[in-house]
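Q: Everything below, folded, please.
(chains A and B)
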Amino acid sequence: MDGLTQSHTGRSGFPPAYLDRVGSSFTDFLAQAAPDLLPSHRPVPSVQAGDLTPHGTTIVSVTYAGGVLMGGDRRATMGNLISSRDIEKVYPADSWSVIGIAGAAGIAIEMVRLYQVELEHYEKIEGLTLSLDGKANRLAQMIRGNLGAALQGLAVVPLFAGFDLDAAEGATPGRIFSYDVTGGNYEERGYAAVGSGSLFAKNSLKKTWRSGLDAGAATRTVVEALYDAADDDSATGGPDPVRRLYPIVYRVDAEGAVRLTDAEVAEVADAIVGERAEAERRDVAETTQRGSRS
Amino acid sequence: MTMPYYASAEQVMRDRSEYARKGISRGRSVAVLTYADGVLLIAENPSSTLHKVGEIYDRIGFAAVGRYSEFESLRVAGVRLADVRGYSYNRRDVTGRVIANAYAQTLGAIFTEQMKPYEVELCVAEVGETPEQDQLYRLTFDGSVVDEPDFVVMGGQADAVTGQLRETFRPGLPLSDALMVGVRALSASSPALSGNGDRGLLPAGQLEVAVLDRRRPKRAFRRVVGAALGTLLGDRSAAEEAPEGATHAHTPSAPQPGTPAGLGDPAAPDTAGGTGGSGEGSGPQAGPADGVGGGTDGRS
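A: The predicted structure is shown next:
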């Protein structure tokens, strides 16, 4: 009798799974109620599919005195083509954390969407926010679910950063987590980068970043690292003053996650480009002077 | 299956209705009111963790009275439905009507098919771009759904509270005035303040207050807790001295002798607001739901 009424309840109104009070995870719930919506429940492509899809590239993140910053360039590539000049690869995950993605863009954006709902869902059902470590761990599990696709060239590698509301006194509240395709989750010290230009971005940050920078100086290190990455990596886009396209930079501090306006980022980027051009001009001038003297 | 006794369908339904009504009437009341910038949800609820009002989605809130375990599982189901719909379509495709329909269907099915009906009454509130687009759906234990204008009152003293709100409520009140109107109506019939004509207002610690603020981007729901609630209640208590006499005329309950001293003290809401400030310490809880730069201030 009971089982019968249960199934009847399902036909009109909420299906039974909706009324089960188990779990506060959206992903776990989807696995029960609508598994076809989950990327990890789809068949893995049997051939290399990496060339068929746009790939996002460089993301950098740095901590500073008041929190953490994350920035990403605007380019997506498909083989030797630029498939997008204005793609957005850094997203707010919730009010206190941001996520940046490198790798197969379609899968990555779907993962970000799922992850955003996952965090909000937990918040609404439990009335509490997950701890920053809890959020980082949850993301690792989602990456792990994508391993099969990753081996067929559809890897997604995110960078996750947030403001730790439970940070110990004196510890820096901004924290960065990086991942590998198997779902390995590593907390980074100070700064991190992922994507094709990450090598150059990290080298740049190694020289420019120091602990305890203020927000303005740290923003500069982010934009400069992306500029350096774009300088050497063909898949990373530099600032584009013609189309007014600049990197996307998010700042997460005690007030929450905020996207810097294009004007703010443009100012920083233009300053960097200006200084480099000036240095180059001076360099050329000195060389010609020396040449004419000898 | 054997049926030992015959009971007419009419009789069965009547018994179930009576059972559900009794269960609901034991609880304290909840009022949901529209105000200038959205919808205000006020519950008389001494618990700060077992919520009677909650967030369903960006523009949709939930309030309930009755048996906690039952309306909590309905709230969770509503959040799940909203999130699944929003994820598979778009956030804009989640409407209060969809949620209210699902509740109506479920409650109706449970009422007709199960021995024990749910002893709950729900309100699904949706805040729109303009006050005209605000929607309040009242859902009763038998699955009937009513689209109410202005305000919804549910729970034990619903009739008395509704009676008072009919006289004091005006559409388009600012938040602090709407809160005062709501709290005063709830206080007037609250069993917790078994008072006479000189009864006070429910202190902040006895109230659970949240708003759906149409001015907030994306997630409109915000709990008003701690100092912010104290300020909203306290601000007014001093300025209220004069019109207090006028509102007494509307108080429907008969004065009772032997009111505990101090409950009518205008300072009471202040002190309660002050101690409620310690609840602000659980900031992370209030903060994130708050969104970016929202803060817990009442008027933002």
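
Q: What residues does the residue lying closest to residue B:148 once chain neighbours are set aside make contact with?
A: Leaving aside its sequence neighbours, residue B:148 sits nearest to residue B:136 (C-beta to C-beta, 6 or more residues apart in numbering or on different chains; 4.7 Å). (Each C-beta comes from the backbone N, C-alpha and C, glycine too.) Shown in contact with residue B:136 (C-beta atoms under 8 Å, 6 or more residues apart in numbering or on different chains): B:32, B:34, B:39, B:123-126, B:147-152.

Q: What subset of those residues is buried?
A: The neighbour count (16 or more other C-beta atoms under 10 Å in any protein chain shown) marks B:32, B:34, B:39, B:123, B:124, B:125, B:126, B:151, B:152 as buried among the contacts of residue B:136.

Q: of all those residues, which comes closest to chain A?
A: residue B:124 (13.5 Å; C-beta to the nearest C-beta).

Q: where's the closest one, which helix or strand?
A: strand B:120-126 (DSSP states H and E).

Q: ok, now residue B:75?
A: helix B:68-88.

Q: List of residues touching the following helix or strand past that helix?
A: Where DSSP H and E defines the elements, the next helix or strand beyond helix B:68-88 is helix B:96-113. Contacts to helix B:96-113, defined as C-beta under 8 Å, 6+ apart, come from residues A:5, A:8-9, A:11-14, A:19, B:13, B:16, B:20, B:56-57, B:59-60, B:74, B:77-78, B:81-82, B:85, B:117-118, B:120, B:122, B:124-126, B:135, B:137, B:139-145.

Q: list the buried ones in stretch B:130-142?
A: B:131, B:134, B:135, B:136, B:137, B:138, B:139, B:140, B:141, B:142.

Q: who's in contact with residue A:276?
A: residue A:227.

Q: mind checking how far it is from chain B?
A: According to C-beta to the nearest C-beta, to the nearest Å, residue A:276 stands 34 Å off from chain B.

Q: same thing with residue A:51?
A: Using C-beta to the nearest C-beta, which is the criterion applied here, residue A:51 is 29 Å from chain B.

Q: same question, residue A:138
A: 15 Å.

Q: what kind of secondary structure is the residue nearest to that residue when sequence neighbours are not counted in?
A: Leaving aside its sequence neighbours, residue A:138 sits nearest to residue A:118 (C-beta to C-beta, 6+ apart; 6.4 Å). Here residue A:118 is recorded as helix under DSSP: H, G, I helix; E, B strand; the rest coil.

Q: circling back to that earlier point, possible to save the contacts of residue B:136 as CSV with pLDDT?
A: Output for those, formatted as CSV (pLDDT from 0 to 100):
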residue, pLDDT
B:32, 96
B:34, 95
B:39, 96
B:123, 96
B:124, 97
B:125, 97
B:126, 96
B:147, 94
B:148, 92
B:149, 90
B:150, 91
B:151, 94
B:152, 95
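
Q: Widest-spaced pair of those residues?
A: B:124 and B:150 (15.5 Å; C-beta to C-beta).

Q: distance between stretch A:140-148 and the chain's centre?
A: Here stretch A:140-148 is found 16 Å from its chain centre; the criterion is C-alpha atoms, centre = their mean, to the nearest Å.

Q: quick one: buried residues of stretch A:123-135?
A: For stretch A:123-135, the neighbour count (16+ other C-beta under 10 Å) marks A:123, A:124, A:125, A:127, A:129, A:130, A:132, A:135 as buried.

Q: Of the residues you listed, which is the nearest to residue B:186?
A: residue A:127 (22.4 Å).

Q: hang on, the closest one packs against residue B:50?
A: No: if you go by C-beta atoms under 8 Å, residue A:127 and residue B:50 don't touch, sitting 9.8 Å apart.

Q: Residue A:48 - how many residues pack around it?
A: Using other C-beta atoms under 10 Å in any protein chain shown, residue A:48 has 11 other residues around it.

Q: mind listing what it touches?
A: A:152, A:153.

Q: Look up the pLDDT of it for me, please.
A: pLDDT recorded at residue A:48 is 84.

Q: Need the phi and psi values for it.
A: Main-chain torsions, residue A:48, degrees, to the nearest 10: phi -60, psi 120.

Q: follow-up on the earlier one: roughly how far out does the helix holding residue B:75 sit from the chain middle?
A: On C-alpha atoms, centre = their mean, the centre of helix B:68-88 falls 18 Å from that of its chain.

Q: Just name whatever secondary elements it is in contact with.
A: helix A:16-19, helix A:26-33, helix A:105-126, strand B:53-57, strand B:60-66, helix B:96-113, strand B:120-126 (3 or more C-beta pairs under 8 Å, 6 or more residues apart in numbering or on different chains; DSSP states H and E).

Q: export the ones you listed to TSV and tack on distance to residue B:225?
A: TSV is the format used below for the helices and strands packed on helix B:68-88 (distance: least, C-beta to C-beta, whole Å):
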stretch	distance to residue B:225
helix A:16-19	29
helix A:26-33	25
helix A:105-126	15
strand B:53-57	12
strand B:60-66	15
helix B:96-113	24
strand B:120-126	19
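
Q: quick one: which of these is nearest residue A:274?
A: That would be helix A:105-126 among the helices and strands packed on helix B:68-88, by C-beta to C-beta, at 31.6 Å.

Q: Contact partners for the closest residue to residue A:38 other than its chain neighbours?
A: The shortest distance from residue A:38 to any non-neighbouring residue, by C-beta to C-beta, 6+ apart, is to residue A:30 (5.2 Å). Residues in contact with residue A:30 (C-beta under 8 Å, 6+ apart) are A:37, A:38, B:84, B:87.

Q: Now do the same for the closest residue to the last one other than its chain neighbours: its pLDDT.
A: What it means is residue B:87. Distances taken as C-beta to C-beta, 6+ apart place residue A:117 nearest to residue B:87, at 5.2 Å, with adjacent residues excluded. Listed pLDDT for residue A:117 reads 96.

Q: What's the separation between residue A:117 and residue B:94?
A: Per C-beta to C-beta, to the nearest Å, residue A:117 is found 12 Å from residue B:94.

Q: what sits in contact with each of these two?
A: Common neighbours of residue A:117 and residue B:94 (C-beta under 8 Å, 6+ apart) are residue B:86.

Q: Of these two, give the one with the bigger neighbour count.
A: Neighbours were counted for residue A:117 and for residue B:94 using other C-beta under 10 Å; residue B:94 has more, 23 against 18.

Q: Could you double-check that that one sits in contact with residue B:84?
A: No: applying C-beta under 8 Å as the test, residue B:94 and residue B:84 come out as separate, 9.4 Å apart.

Q: Brilliant, that's me finished.
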